[in-house]
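*Asks:* Quick one, fold the following:
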Amino acid sequence: MRAVQVQELSDDLSGVRLVELPIPEPREAEVLVRIEAAALGFPDLLMTRGRYQAKPALPFIPGMECAGTIVKAPTGSGWREGDAVIAGGLTGSVAQYGCFAETGLMRLPSRLSFAQGASLRAAYLTAWVALVRRGGAQAGETLLVHGAAGGVGLAAVDLGIALGLDVIAAASTEAKREAIRALYGSARVIDGAPGFREEVLALTGGKGADLVFDPVGGDVFDESTRCIAFDGRLLVIGFAGGRIPQVGANIALIKGFSVVGVRAGEYGRRFPERGVENNSAILALAAEGRISPSVHATYALADWEQAFSAMELRTVVGRSVILPHAE
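*Replies:* Residues are numbered from 1 along each chain as shown. Prediction:
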């Protein structure tokens, strides 16, 4: 099979190669999947540089999320050859075949393409845990989403609309804002540059946002504390902006809001039953057509470098997806 392999860590992808490897053999409790689509996220790029918190041993095949069809499954597992599934792990998705734990598989909803299925789990699970489990979102509340053009941010916009929230989507360029408007006409789209506070307050009649979904951190977090509603929840998703912000306890006290950390994967590990419920919830919403992952572009495996570079240039709206068997 062909696969993308990280052989050396580098800042310019020079340590990454397209290689020929044997098709892997599944171990006990693993399923062999013919991978039809692998969705890329920013952690995949960071791992090629050794800058992600998880540091797999070299060499490794990048890619945390994929979708495809089962080739081999353990007897009695409940999975059969030909089943369309969503799969993944820390690595292993940017290849034509991969072995994945049977317990981590999700059945691909028939409404979704393989590319959409590969883009579903991580982003929408993060959005679900943030908005529902940690944020306690209620229909009619206002949700401000920063980094709304990114894979996780766009999932929060989509899910927020499905939950009946009044969504304000903040993005950094007019091209991204136009793309969000085209995808989600009911969302109010604003410039995410410094100064967004005034527009958020104007759109909410001076009240501020009930929920703020923040994968950016830094100055965005700081300014968000000035346009969050009393009893609001500022959801900390990550720090794509680079700086980890700090907030004085007196500010949270005076303004009456909560700062809430969100780790979707860890949430599922700490509360396994809720983790199963979370996965079931996003699958049900996808099956009903209430949420639909947005694929920015698809790439052949030979064009893997273009796919990774698009993330670095921050031109992607939604997810970039590699199709390993496409020419």
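
*Asks:* Tell me how many other residues surround Leu9.
*Replies:* As a burial measure, Leu9 scores 15 neighbours (other CB atoms under 10 Å). (Glycine included, C-beta is placed from N, CA and C.)

*Asks:* From here on, call the first residue 49.
*Replies:* New numbering, starting at 49: the last item is Leu57.

*Asks:* pLDDT score for it?
*Replies:* The model reports Leu57 with a pLDDT of 97.

*Asks:* got a list of what it touches?
*Replies:* Gly63, Thr96, Arg97, Gly98, Leu106 (CB atoms under 8 Å, 6 or more residues apart in numbering).

*Asks:* how many other residues sit next to the fourth one?
*Replies:* Residues contacting Gly98 under the criterion other CB under 10 Å number 15.

*Asks:* cool, and the second one?
*Replies:* Summarising burial for Thr96: neighbours were counted as other CB under 10 Å, giving 22.

*Asks:* so it touches Gly63, yeah?
*Replies:* Yes: Thr96 is in contact with Gly63 according to CB atoms under 8 Å; the separation is 7.1 Å.

*Asks:* what do those two both touch?
*Replies:* Common neighbours of Thr96 and Gly63, counting by CB under 8 Å, 6+ apart, are Val54, Leu57.

*Asks:* Which one of the contacts of Leu57 is nearest to Gln55?
*Replies:* Gly63 (5.5 Å; CB to CB).

*Asks:* pLDDT score for Thr363?
*Replies:* Confidence at Thr363, expressed as pLDDT, is 87.

*Asks:* What about it? Give its phi and psi, please.
*Replies:* The phi and psi values for Thr363, taken as degrees, to the nearest 10, are phi -100, psi 0.

*Asks:* what's the answer for Cys147, then?
*Replies:* Backbone torsions of Cys147, given as degrees, to the nearest 10, read phi -110, psi 130.

*Asks:* in a strand, that's where Ala203 is, yeah?
*Replies:* No: applying DSSP: H, G, I helix; E, B strand; the rest coil, one finds Ala203 to be helix, outside a strand.

*Asks:* That one contacts Ala171, correct?
*Replies:* Yes: assessed by CB under 8 Å, Ala203 is found in contact with Ala171 at 3.8 Å.

*Asks:* Flag every buried residue along stretch 289-299.
*Replies:* For stretch 289-299, burial by neighbour count (16 or more other CB atoms under 10 Å) applies to Gly289, Pro293.

*Asks:* burial of Asp267, as a residue count?
*Replies:* Neighbour count for Asp267, taken as other CB under 10 Å: 14.

*Asks:* Settle this for me: it is touching Gly289, isn't it.
*Replies:* Yes: under the criterion of CB under 8 Å, Asp267 makes contact with Gly289 at 6.9 Å.

*Asks:* what's next to stretch 152-162, contact-wise?
*Replies:* 79, 84-85, 115-116, 127, 131-137, 165, 168-169, 327, 331, 334-335, 337, 340-341, 343, 371.

*Asks:* quick one on the thing from earlier: overlap of the contact sets of Ala203 and Ala171?
*Replies:* Residues touching both Ala203 and Ala171 (CB under 8 Å, 6+ apart) are Pro341.

*Asks:* who's sitting farthest from the centroid in the chain?
*Replies:* Ranked by distance from the centre of the chain (CA atoms, centre = their mean), the top residue is Ile302, with 33.1 Å.

*Asks:* Do a quick rundown of the strands in the stretch 199-348 of the chain.
*Replies:* With DSSP state E, counting those that start in this stretch as the criterion, the stretch 199-348 of the chain has strands at 214-219, 236-239, 257-262, 276-284, 306-309, 343-348.

*Asks:* Could I get the buried residue list for stretch 198-215?
*Replies:* For stretch 198-215, a neighbour-count test (16+ other CB under 10 Å) marks 198-211, 213-215 as buried.

*Asks:* Centre of the chain to it, how far?
*Replies:* Distance of stretch 198-215 from its chain centroid, counting by CA atoms, centre = their mean, to the nearest Å, is 12 Å.

*Asks:* related to what we said a few turns ago, filter the contacts of stretch 152-162 down to the buried ones, ChimeraX style.
*Replies:* In ChimeraX, this line selects whichever of those come out buried by 16+ other CB under 10 Å:
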select :79,84,85,115,116,127,131,132,133,134,135,136,137,165,168,169,327,331,334,340,341,343,371
